[in-house]
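# below is the sequence, then the predicted model.
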Amino acid sequence: MLNELCHEIKNWFEQSKIIGDIEVKDGAVLINGEPITIQIGQYFRIVGSVFNDGIYKYTEEPITDLTDEVYHGGVWLLAIPKEIISLSDDIDAWKAKYMSADSVAMSPYNSESFGSYSYSKSTGGDSAGGGGTSWQSTFASQLNKWRKI
């Protein structure tokens, strides 16, 4: 979700960028055969790879989500504020509750009845499809202060 959130606000909170030939091996990111210089708990973004593009949190343990590869691209060291991390968690919880197929929020109808069948179509919603509410519109006021144009 963090990757999707940063993409939505067009803000990756990049601190510095490392560009060149990068190797992902056994859950580690290597530059010239050495692990990237990054603090434990810091987030980083892999850009330009075939298998690993996205945001990861650096840990002492190998990152099990990474697939071994060598690529020419970038690793961005990020300084994501705690408020964004918390907002990402809140959005995950909201999506789990409201984005299921049987959720009322995902229905394109405000009301429906049977007998002589009648329905009312929702006028709200987002342009991404469906008539329901999106996480982007639900959290817009919190996202806007971090948004880059």
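That came through fine.
# the domain parsing of this structure - what is it?
The record's domain split for the chain, according to automatic domain parsing, is 2-78, 82-144.
# winner for burial among the ones you listed?
The highest mean neighbour count among the domains of the chain, using mean count of other CB atoms under 10 Å, belongs to domain 2-78: a mean of 15. Backbone N, C-alpha and C define where each C-beta goes, glycine included.
# measure that one end to end?
For domain 2-78, the separation between the terminal residues is 12 Å (CA to CA, to the nearest Å).
# which of the domains of the chain has the lowest average pLDDT?
Least confident of the domains of the chain, judged by mean pLDDT, is domain 82-144 with a mean of 74.
# how long is that one from one end to the other?
16 Å.
# residue 137: which element?
helix 135-138 (DSSP states H and E).
# what packs against that helix?
helix 82-98 (3 or more CB pairs under 8 Å, 6 or more residues apart in numbering; DSSP states H and E).
# which neighbouring elements make contact with the helix it packs on?
Looks like helix 82-98 contacts helix 2-9, helix 135-138 (3+ CB pairs under 8 Å, 6+ apart).
# can I get the ones you listed in TSV with distance to residue 70?
What follows is the helices and strands packed on helix 82-98, written out as TSV (distance: least, CB to CB, whole Å):
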stretch	distance to residue 70
helix 2-9	22
helix 135-138	35
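# appreciated, that's everything.
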